[in-house]
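Undergrad: What would the 3D arrangement of this be:
(chains A and B)
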2 protein chains.
Amino acid sequence: MTHLKYLFISGALLLVHAGSYAQQDVVDTATFNRIRKAELSSSQIPQIAHYLTDVSGARLTNSPGYSRAASWAVATMKKWGLANAATERWGTFGKSWEVQDFSMMMRAPYNAQIRAYPTPWSPSSKGQLQGGVVVITPTQSMDTTYLSNHATEYKGKFVLVTGTAADHKKNFEPSAERLTDTALANLKDTYMVPKGIINMYNDRMKVFKTADMILKNAGALAFISAGRNNVNGTVFVQGYYGYKLTDPETIPQLSIALEDAQKIKRLLQSGQKVELAMSFTGKSSSEDTNGYNVVGEIPGTDPKLKSQLVMLGGHLDSWQAATGATDNAAGCIVMLEAVRLLDSLGLKPKRTIRIALWSGEEQGLLGSFGYVKNHFRDAVKFTVKPEQAKVSAYFNLDNGTGKIRGIYAQSNEKMKPIFEQWLKPFNDLGATAVTLANTGSTDHLSFDWAGIPGFQFVQDPIDYETRTHHSNMDDYDHLMIDDLKQAAIIVASFVYQASIRPEMLPRKPLENETFVFDGF
Amino acid sequence: MTHLKYLFISGALLLVHAGSYAQQDVVDTATFNRIRKAELSSSQIPQIAHYLTDVSGARLTNSPGYSRAASWAVATMKKWGLANAATERWGTFGKSWEVQDFSMMMRAPYNAQIRAYPTPWSPSSKGQLQGGVVVITPTQSMDTTYLSNHATEYKGKFVLVTGTAADHKKNFEPSAERLTDTALANLKDTYMVPKGIINMYNDRMKVFKTADMILKNAGALAFISAGRNNVNGTVFVQGYYGYKLTDPETIPQLSIALEDAQKIKRLLQSGQKVELAMSFTGKSSSEDTNGYNVVGEIPGTDPKLKSQLVMLGGHLDSWQAATGATDNAAGCIVMLEAVRLLDSLGLKPKRTIRIALWSGEEQGLLGSFGYVKNHFRDAVKFTVKPEQAKVSAYFNLDNGTGKIRGIYAQSNEKMKPIFEQWLKPFNDLGATAVTLANTGSTDHLSFDWAGIPGFQFVQDPIDYETRTHHSNMDDYDHLMIDDLKQAAIIVASFVYQASIRPEMLPRKPLENETFVFDGF
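TA: Numbering: from 1, shown residues only, chains lettered A, B, ... in the order given. The predicted model follows:
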C-alpha cells in the first residue's frame, strides 16, 4: 500500500506538472509533414497487410497462423533495422488449434451446400458425421434443465441453435458508415464492459460447459450455432473455451449462416426429414502452451530520456473464419507502418519507441495484460514495478479499418488540450475529436489499469460492427488502404511527438481495482 | 402471310374497339376488396414459399429440384380444386443435373476454407483434385490465342479468372432500395436485350467453348470464376452451356467468392506457393430431356367467354447455389397465391384463368417460348394458331421480391388508361405507375412476340440486383413476405378484372420478327 500511495502522489504531481506544459507543447509539425509525405508517396501498407492476412492466414492465438504472422513481423522489423525485435512470452495461453479440412452438406431432403465454419478449439469429427437435426432456441440452449430433460432426443443428432428469422430492415441502410460531425461532437463512453457483464459472461461460460457436457453425454453428433440476422449469409465464428489444457473436450462445434439454419428449422417444422453430413479435421497441439507477444524498438537518442518508453500496439491474434483483416491486422499494419516510417525517415526520437503486437486479445486482453503484469504491475498485490514509471504512454488501434477521427482521452483531463494541439495538423485529414470519453474492450485498458496513459483512437466504423468483426468476411479486401495510411501518419506523428516531448504524458490517479478482464 | 395480314388487321380493329371501352371499364372494386381482405387475413404465401424454396431446393431446369417443385405445384393446385393442373412438355431441354457433394479447401500456403459452388452442368471431379493455380484476367479468359500460347502452363493446375479487387464505395450505400416517386414518374425501358447483344452473347458462348476445350486439352484441373466485386462474399453462380446432349464435356467448373480469388491472386503475385483441393460429385442424367412447364386453370363461367383465356405466370426454374427464392420462386408464389385466392373466394371468372410456371427461363425464356410456339405462333413461318386469338393477356412477375409499384404497358397505348383505372384501387398500396415503357428479359416477351398482350409489373428492386439475383444468397429469408402479399392482391385483382371484362384486352400490331431470345 505504501508503494501505491507513493505512486498515487507521484501520478498526481505528474498531472500538475504536465498541466503546466500543456499549453506550450511544441508540436513538431515539420516532422509531421515529413511523415505524411513519406506515407503518401511510399506506403508499405498493402505489403504489410498482405503478409499479415493473406500470407499468415487466420491468426488464432498460438495457432500456426499466429506464429507465421509473429515470425514475419519479427523478421521484418529486423530487416527494417529495429532493435530488440522478438517474440516475448507473456504467460500461459494453452493449446494451438487450426482447421485442416472441413466440409458440410445437407443430405436430406436433398443435397445442398451449407455455409459453415468449425468453432475454434472444436474437436475433430473423426470422419464424417451424418444424422438428423434437433433445433432448439437460444434460451433453451442456456437452460441446462431443459437440455437434461430432452437429452434422449439428441442422441445421434446435430443440435442446432437458432432464433427468429431475418427481416430486411437493415438492408435498406448502408452496411458501412463514417462518423458524422454530430457523432464526433457527441462521443460517449463506448465498448465499455463493466465487471458485472464480465461476471455474467463467466457465469454463461459455466452454463455453456454444462450444456456442452449434457449434449456430449447424450450422444449428440455436433453443436451448431446459427449466424446473426440480416447479414446476407455472413457467418460470425468465435469460440468460448477449449484452449486451456484443463478445458473439457466438447463434441464438434460449428457455426452456419442464418439462412441455412432457418431453412433447416422450417423444414423440420413442416415435417420434412432433414439430414446433415459434416466432416472436420483440426490440428490441436499442447507442445508449447506459452502465449507470445511480438515486440520491437526504435532506440531513443536522448541520453536522459532514452530509458523512457513510448509504446504503440494492437493485437495480432484473430478469430478463425477469415484472415482477421479488420480485427485486428488493421491495427498491427498501422503500428508496423508507423515504426517503419519513423525508422526509415531517420528520425531521432528522444525516448525509446516500443511496438507491441499482442496475442490472446480475443480471449480477454490476455497478451497485453500478461505483458503489463510482467513489466508494470502485480495483479494481486497491486504493486507497481520500476518500469511502470518509465512509460510515457501507450497508443492502441483496434476498431477496424476506419481512419482516425480523433482520440479517446480516457478521462485523462490533462491530456485533452495536449491531444488537441497534436491533432490540429491532422484536422484536414478528418481527425478532429478529442474526447474525455472512455473506450474499452481492447488492449489500452491493460495499460490504463497499470496507471500508464493508454489510448485508443476514435475510428470511422465502416462495416466493422455490421460485417467484418469476428466474421468470415474479415479478409484483406475489406480493408480500406487509404484509411490505414491516414492512421499510420497520425500514429507515427503522435508517437514521435510523445518521444520528443520534454515531459512524460500526464497520468491519472492509479486505482486499486482488479483488472476488469482478468479471470476468464 | 395472308394469315398474318389478317391478324394484323384484326389486331388493329381490336385496338380501336378496346379504345372505345377504355374510358368505361367497370372496375369490380368490391371483388378487389374481397381479394385484399382475404390475402391480408389468411395468406398462404409463407407456406407456398416454403415448399417452392426450402422443400424443393434449387430448381435448375430439369433437375430433381425442379421436378419436386413442379410436382408440388401440380398436386397443390389439384388440392385447391383447380382444373387441368399438370406438367406440360414445351420441347427438348437437355440433361438433368444436381449437386450431390462438394468441398473445397486451400491447401497451401496453409489450410483454409474457400467459398465455392460448382457451376451448373459441370462434370464431376471424379475424386479430389489438388494442384497449383494459374490466375488469368477476364480478358485473357476470352482470348483463345492467349490461352493457346500459354496452354502448357495449365497442365495439372486450377485456372482462376479474376479481375481487380474491391473498393468499398458500395458498402456506403444500402444494398436494398425501393423506387422513389421520381423513379416511378420516370420509368424507362429496362432489362431490354437487343438482338445485337444476344448475338454477342452467342459469339461469347462459342469463345467460352473454345477456351474450355483449350484448358481441357491442356490438362487443367478445373476452371474457376471469381465472384463480383463489392458484395461481401456473395457468390454469383450461373452456367452457360452443358445441358444439351450435343454440348461438349468441359473440365469441372466452379465459382468462388471474390475475397478468396483475390487472396489467391495476391499470394501468387508475392511468390507464395498456392495449392487448392476440390471435390465435386454431381449427378447428371439424359433419361428425360424434355422440358416441362406447369399449368393449371380456373375454368371460366360465361358460356360465351369461357373458351377465352387470361394467363398469368412466372418461371419456376432457378440457378443452383441457393433455392432461387427471389429468382423466381417469388413470382410463382405470387401467381399461385393469386389463383388460390380467386378459387378459394368462389369468384366466377367469365374467361378461363390459366396459370403457367415456366422452366428454362434462365437459359433464354425456353419454357414460355416453347409454350407459345406450341400454342400460339410458329417461330419460323410466323403463322399464328387459332388459340392465339383467345388469350386476352398474360401477366408475369419476375423482378424479385419487391412489391408491385405499377405495370409496364409495353408500348401498348390503349392499355395505359385501362391499367390506370385498374390500378387506382391499389394506389394506397404503393402501386401507382402505368408506363408505356417496355421491360424485357422475362417470359412476357414470348407472349408479346406472339401478338398476345404480355405484361410484367413494375416492382421495387429491394436487393435483387445487388445480392440475390443468381447468387448463393437467394434463399427464403431474402423474401419479403408482405411485399409478396401485396403483389398477390394486385395480380389476382388484375387477372379477375381481365376475366370479366366484356372485351379482350387491346393488342399491338403483330410484327414478323424473330424472337429476340431464340437461338441460344
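
Undergrad: if I look at the residue of the stretch 201-350 of chain A found nearest chain B, how far off is B:Val339?
TA: Minimum separation of the stretch 201-350 of chain A from chain B (CB to the nearest CB) falls at A:Glu259, amounting to 4.2 Å. To be clear about C-beta, it is placed using only N, CA and C from the backbone, and glycine gets the same treatment. To B:Val339, A:Glu259 is 28 Å away according to CB to CB, to the nearest Å.

Undergrad: repeat for A:Leu60
TA: 54 Å.

Undergrad: swap in A:Gly402?
TA: Separation of A:Gly402 from B:Val339 (CB to CB) stands at 51 Å.

Undergrad: Repeat that for A:Glu275.
TA: Taking CB to CB, one finds A:Glu275 at 34 Å from B:Val339.

Undergrad: With A:Asp181 instead?
TA: From A:Asp181 to B:Val339 the distance is 55 Å (CB to CB).

Undergrad: Just want to know which of the two has more residues nearby.
TA: Taking other CB atoms under 10 Å in any protein chain shown, A:Asp181 and B:Val339 do not tie; B:Val339 has more neighbours (24 against 10).

Undergrad: helix, strand or coil for that one?
TA: Assigned with DSSP: H, G, I helix; E, B strand; the rest coil, B:Val339 falls in the helix class.

Undergrad: Can you identify the helix in chain A that spans the most residues?
TA: The longest helix of chain A (DSSP state H) is helix A:195-218.

Undergrad: And the lengthiest strand in chain A, what's buried?
TA: When chain A is scanned for its longest strand (criterion: DSSP state E), the result is strand A:96-108. Buried residues in strand A:96-108, counted by 16 or more other CB atoms under 10 Å in any protein chain shown: A:Ser96, A:Trp97, A:Glu98, A:Val99, A:Asp101, A:Phe102, A:Ser103, A:Met104, A:Met105, A:Met106, A:Arg107, A:Ala108.

Undergrad: Over to stretch A:80-98?
TA: Using 16+ other CB under 10 Å as the test for burial, stretch A:80-98 gives A:80, A:82, A:85, A:87-88, A:90-91, A:93-98.

Undergrad: Poorly predicted segments of the stretch 401-520 of chain A, please.
TA: Within the stretch 401-520 of chain A, the ranges that satisfy pLDDT under 70 run A:518-520.

Undergrad: Show me what from it comes close to chain B.
TA: Neighbours of chain B within the stretch 401-520 of chain A, by CB under 8 Å from any CB of the partner chain: A:Ile462, A:Asp463, A:Arg467, A:Asn472, A:Met473, A:Asp475, A:Tyr476, A:Asp477, A:His478, A:Met480.

Undergrad: now those residues in a markdown table, with neighbour count, distance to A:Leu316 and secondary structure?
TA: A markdown table is the format used below for those (neighbours: other CB atoms under 10 Å in any protein chain shown; distance: CB to CB, whole Å; DSSP: H, G, I helix; E, B strand; the rest coil):
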| residue | neighbour count | distance to A:Leu316 | secondary structure |
| --- | --- | --- | --- |
| A:Ile462 | 27 | 20 | strand |
| A:Asp463 | 25 | 22 | coil |
| A:Arg467 | 23 | 21 | helix |
| A:Asn472 | 28 | 20 | coil |
| A:Met473 | 28 | 20 | coil |
| A:Asp475 | 26 | 16 | coil |
| A:Tyr476 | 23 | 15 | helix |
| A:Asp477 | 24 | 20 | helix |
| A:His478 | 28 | 18 | helix |
| A:Met480 | 21 | 20 | coil |
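
Undergrad: A:Gly296: which of those residues is nearest?
TA: A:Gly296 has its nearest neighbour among these in A:Tyr476, at 23.1 Å by CB to CB.

Undergrad: Spatially nearest residue to that closest one, not counting backbone neighbours?
TA: Nearest non-adjacent residue to A:Tyr476, counting by CB to CB, 6 or more residues apart in numbering or on different chains: A:Thr53, 4.6 Å away.

Undergrad: In this structure that neighbour contacts A:Gly324, no?
TA: Yes. With contact defined as CB atoms under 8 Å, A:Thr53 reaches A:Gly324; the gap is 7.0 Å.

Undergrad: Would you map the helices across the stretch 301-450 of chain A?
TA: Ranges of helices within the stretch 301-450 of chain A are A:330-344, A:366-375, A:415-423, A:444-449, based on DSSP state H, counting those that start in this stretch.

Undergrad: For the stretch 151-300 of chain A, what lies in contact range of chain B?
TA: Neighbours of chain B within the stretch 151-300 of chain A, by CB under 8 Å from any CB: A:165-166, A:168, A:171-178, A:232-234, A:258-260, A:262-263, A:266-267, A:270, A:272.

Undergrad: In the stretch 351-500 of chain A, what residue comes closest to chain B?
TA: A:Asp475 (4.2 Å).

Undergrad: what number of residues lie near the residue of the stretch 201-350 of chain A closest to chain B?
TA: Neighbours of A:Glu259 (other CB under 10 Å): 27.

Undergrad: and the gap between it and B:Asp101?
TA: Distance of A:Glu259 to B:Asp101, computed by CB to CB: 20 Å.

Undergrad: for chain A, what are the low-confidence residue spans?
TA: For chain A, the stretches with pLDDT under 70 are A:1-24, A:166, A:518-520.

Undergrad: redo that, cut-off 80
TA: A:1-24, A:165-168, A:227, A:517-520 (pLDDT under 80).

Undergrad: any idea how it splits into domains?
TA: Chain A is divided into the following domains under automatic domain parsing: A:19-93+A:289-500, A:96-284.

Undergrad: JSON lines please, covering the ones you listed and showing distance to B:Leu357.
TA: Formatted as JSON lines, the domains of chain A follow (distance: least, CB to CB, whole Å):
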{"stretch": "domain A:19-93+A:289-500", "distance to B:Leu357": "35"}
{"stretch": "domain A:96-284", "distance to B:Leu357": "19"}
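
Undergrad: give the contact list for A:Ser175.
TA: Residues touching A:Ser175, when contacts are defined by CB atoms under 8 Å, 6 or more residues apart in numbering or on different chains, comprise A:Asp463, A:Thr466, A:Arg467, B:Asn171, B:Ser175, B:Asn232.

Undergrad: how close does it get to B:Thr234?
TA: 12 Å.

Undergrad: And for A:Asp212?
TA: With distances taken as CB to CB, A:Asp212 is found 33 Å from B:Thr234.

Undergrad: who's more crowded, these two?
TA: Higher neighbour count among A:Asp212 and B:Thr234: B:Thr234, with 24 against 21, using other CB under 10 Å.

Undergrad: Verify the contact between the more buried one and B:Ser255 for me.
TA: No. In this structure, B:Thr234 is not within contact of B:Ser255 by CB under 8 Å, at 10.5 Å.

Undergrad: for stretch A:345-356, which positions count as buried?
TA: Result for stretch A:345-356 [16+ other CB under 10 Å]: buried residues A:Leu345, A:Leu347, A:Pro349, A:Lys350, A:Arg351, A:Thr352, A:Ile353, A:Arg354, A:Ile355, A:Ala356.

Undergrad: mind checking how far the last one is from B:Lys424?
TA: Meaning A:Ala356. Separation of A:Ala356 from B:Lys424 (CB to CB) stands at 70 Å.

Undergrad: so what's the closest residue to A:Arg501 other than its chain neighbours up against?
TA: Nearest residue to A:Arg501, sequence neighbours excluded (CB to CB, 6+ apart): A:Asp25, at 6.7 Å. Neighbour list for A:Asp25: A:Ile418, A:Gln421, A:Trp422, A:Gln497, A:Arg501 [criterion: CB under 8 Å, 6+ apart].

Undergrad: nearest to B:Lys244, of those residues?
TA: Each of the contacts of A:Asp25 was scored against B:Lys244 by CB to CB, and A:Trp422 proved nearest at 68.9 Å.

Undergrad: Contacts only, for the closest one.
TA: Contacts for A:Trp422 (CB under 8 Å, 6+ apart) come out as A:Asp25, A:Val27, A:Ser493, A:Phe494, A:Gln497.

Undergrad: Considering those, which possesses the most neighbours?
TA: Among the contacts of A:Trp422, A:Ser493 has the most neighbours (other CB under 10 Å), with 27 neighbours.
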